[in-house]
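K.L.:
this one's structure only:
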């Protein structure tokens, strides 16, 4: 039984085109534009009185097991619910340990502080005929008579929960996939969740983040600090949320002062970016002459220059290991104006020591070549003093430019913060002129304002991270088809053996286990390498457990 209204002819024609053996009847709500779903359901109330009923709303997509589990549950009257997530909208409920529905909470009564206690109604219900006849339909009729037909049928369930003897219970979903489609963005997300195996990976990769919209996804692809920021810093930002939301940020000059204080350099040596990507774009698109690159590496740099201007060094080591001497030897007779070094490199994790990078800068300076060092991951290196960001080093090497992504190192990618430092006044001037005067928002500015007092927390977080990375590498080495490469970053590049391809493993983890890793097939032609982020011990153990289960196959 399908209640139709808006564009009913299109819907009915489509349904008739399907090879469906189940008899289908249509009930038309001719005044759909003047009523709400309480009226549409009332039009079909005779069905509720005739037999047990499953009630579904039309804007849902879900996997088959959702219905199967609901029908097979021995309890006669159930409301399907799932843990509340940020993408959900509409009625939520509070339930007891015995699955009693304590309260239906409509949108206008929603209390954000109660989110941990909320469950979202999936809007799929199982009603017994007895429940419909003795409770639901009588109250449905009374409610619509009293308040009119422009109401929601969930309100009737809310009234029923106030009765001590109501028989409806909540049935919690247990990881099954479903989505409510209200607009084109919902359609886009649902299309990626329910697409076929290979297509799902492509759609996820094209999103470039925003995976908080997929609450069940465990993201081992994108790279952040799992142990920073601390809860106290987050609480401080929350306490100032309203002011930061409603007031303008300072201009770029003030934010340069803040960044200079945090990184102990002069304000004339530093520029703040809307993420490191903004600064990379300006630098790459305004440099003249050929530019030296090392591959595989972070593609944001080389994608910003014309192919004929790129001079590329690919290490001949099978694990892409290289040192300062290898790089200098390759580029010693090459016509380049600048050399780009990502250190530790991404995705390999290869690391060149601070002493050797300074030697590279000195060597290149004698040849009039700029050295751009991206040290977005350097804080994760075993040497806690590996960074090149200091007044003395910059002043001694005026051909040196250092880029750092605060998002990655400090675990705040949503703030979009990055810096560039150099003692070359022309470079700092170029960057300052090219970025917008308000290129970062108030939340990012406030973070820089308070970050310095949390430096002890940051140092402790890095110590803990290095310990967790060692344990994680050891666990990965115990997987027969995985060979982790040496890494001093917050990720580990792994070679795959025993017939596994990078794409096959990535798809398998994503589709079957909601774990997202980085497929490196596009960067490494052999197609047998993946990159795995280092997350918390609990998350790392979940991935290792899944890999062991695949190993048993």
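P.N.:
Sure, I can see it. Note that the coordinates shown come from a computational prediction; the quantities given were computed from them, not determined experimentally.

K.L.:
now the closest residue to residue 297 other than its chain neighbours: phi and psi?
P.N.:
With CB to CB, 6 or more residues apart in numbering as the criterion, residue 297 has its nearest non-adjacent residue at 5.1 Å, and that residue is residue 342. (Each C-beta comes from the backbone N, C-alpha and C, glycine too.) In terms of degrees, to the nearest 10, the main-chain angles of residue 342 are phi -90, psi 120.

K.L.:
so how far is stretch 145-157 off the chain centroid?
P.N.:
The chain centroid and the centroid of stretch 145-157 are separated by 38 Å, computed with CA atoms, centre = their mean, to the nearest Å.

K.L.:
what's near enough to touch the residue nearest to residue 297?
P.N.:
With contacts defined as CB atoms under 8 Å, 6 or more residues apart in numbering, the neighbours of residue 342 are 294, 297-298, 301, 373-374, 376.

K.L.:
go again using 6 Å as the cut-off
P.N.:
Taking CB atoms under 6 Å, 6 or more residues apart in numbering, we find residue 342 in contact with 297-298, 374.

K.L.:
strands along the stretch 201-350 of the chain, start to end?
P.N.:
Listed in chain order, the strands of the stretch 201-350 of the chain (DSSP state E, counting those that start in this stretch) span 218-219, 270-274, 291-294, 310-313, 338-342.

K.L.:
so which of those strands comes closest to residue 125?
P.N.:
With CB to CB, the closest approach to residue 125 among those belongs to strand 218-219: 30.7 Å.

K.L.:
so what strands line up beside the closest one?
P.N.:
For strand 218-219, the paired strands and their directions (DSSP bridges) are strand 515-516 (parallel).

K.L.:
of the contacts of residue 342, which is the most crowded?
P.N.:
Neighbour counts for the contacts of residue 342, by other CB atoms under 10 Å, peak at residue 374, which reaches 26 neighbours.

K.L.:
bridging residues for it?
P.N.:
Legend: beta-bridge partners of residue 374 under DSSP bridges are residue 342, residue 403.

K.L.:
on that earlier part again, can you tell me which of the strands of the stretch 201-350 of the chain is most buried?
P.N.:
Comparing the strands of the stretch 201-350 of the chain on average neighbours per residue, with mean count of other CB atoms under 10 Å, the densest one is strand 270-274 at a mean of 26.

K.L.:
for it, packing partners?
P.N.:
helix 252-263, strand 417-422, helix 425-434 (3 or more CB pairs under 6 Å, 6 or more residues apart in numbering; DSSP states H and E).

K.L.:
any chance of the ones you listed in a markdown table, plus distance to residue 270?
P.N.:
Supplementary listing: the helices and strands packed on strand 270-274 in a markdown table, determined by distance: least, CB to CB, whole Å:
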| stretch | distance to residue 270 |
| --- | --- |
| helix 252-263 | 5 |
| strand 417-422 | 5 |
| helix 425-434 | 7 |
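
K.L.:
check the ones you listed for me and report the most buried one.
P.N.:
Scoring the helices and strands packed on strand 270-274 by mean count of other CB under 10 Å, the most buried comes out as strand 417-422, with a mean of 27.

K.L.:
hmm, who's touching that strand?
P.N.:
Counting by CB under 6 Å, 6+ apart, strand 417-422 makes contact with 259, 265, 269-273, 275-276, 279, 389, 401-407, 428, 431, 444, all of which sit outside it.

K.L.:
buried set for stretch 348-356?
P.N.:
Neighbour counts using 16 or more other CB atoms under 10 Å place 348-354, 356 of stretch 348-356 among the buried residues.

K.L.:
by residue count, which helix of the chain is the longest?
P.N.:
Ordering each helix of the chain by length in residues (DSSP state H) puts helix 455-477 first.

K.L.:
can you list the strands that the helix or strand following that one pairs with?
P.N.:
On the C-terminal side of helix 455-477, the nearest following helix or strand under DSSP states H and E is strand 482-484. Counting by DSSP bridges, the strands paired with strand 482-484 are strand 491-496 (antiparallel).

K.L.:
and the angle for the strand it pairs with with helix 455-477?
P.N.:
Here strand 491-496 runs at 10 degrees with respect to helix 455-477, directions being taken by axes from the mean of the first three to the mean of the last three CA atoms, to 10 degrees.

K.L.:
so which of the helices and strands packed on strand 270-274 gets nearest residue 106?
P.N.:
Among the helices and strands packed on strand 270-274, strand 417-422 comes nearest to residue 106, with 38.4 Å by CB to CB.

K.L.:
so for the closest one, what's the average pLDDT?
P.N.:
Strand 417-422 comes out with an average pLDDT of 96.

K.L.:
what's the answer for stretch 487-495, then?
P.N.:
The predicted model gives stretch 487-495 an average pLDDT of 96.

K.L.:
again, but for stretch 55-70
P.N.:
Looking at stretch 55-70 alone, the average pLDDT works out to 93.

K.L.:
for stretch 340-354, same thing?
P.N.:
Model confidence over stretch 340-354 averages 96 on the pLDDT scale.

K.L.:
start to end distance for it?
P.N.:
15 Å (CA to CA, to the nearest Å).

K.L.:
from the chain's centre, how far out does that stretch sit?
P.N.:
24 Å.

K.L.:
sorry, back to before: relative to residue 492, which of the strands of the stretch 201-350 of the chain is closest?
P.N.:
If you check each of those against residue 492 by CB to CB, strand 218-219 wins as the nearest, at 15.1 Å.

K.L.:
list the contacts of that closest one.
P.N.:
211, 515-516.

K.L.:
just the buried ones from those?
P.N.:
Judged by neighbour count, with 16+ other CB under 10 Å as the criterion, the buried members of those are 515-516.

K.L.:
make JSON lines out of the contacts of strand 218-219 and add distance to residue 167 and pLDDT.
P.N.:
Listed next are those as JSON lines, based on distance: CB to CB, whole Å; pLDDT from 0 to 100:
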{"residue": "211", "distance to residue 167": "39", "pLDDT": "74"}
{"residue": "515", "distance to residue 167": "40", "pLDDT": "94"}
{"residue": "516", "distance to residue 167": "41", "pLDDT": "93"}
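
K.L.:
out of the contacts of strand 218-219, who's nearest residue 489?
P.N.:
When the contacts of strand 218-219 are compared for distance to residue 489 (CB to CB), residue 516 wins out at 18.0 Å.

K.L.:
mind listing what's buried along stretch 75-89?
P.N.:
Of the residues in stretch 75-89, 77-82, 84, 88 count as buried by neighbour count, 16+ other CB under 10 Å.

K.L.:
among these, which lie within strands?
P.N.:
Counting by DSSP state E, the buried residues of stretch 75-89 place 78-82 in strands.

K.L.:
ranking the strands of the stretch 201-350 of the chain by mean pLDDT, which is last?
P.N.:
Here these differ in mean pLDDT, and the lowest is strand 218-219 at a mean of 91.
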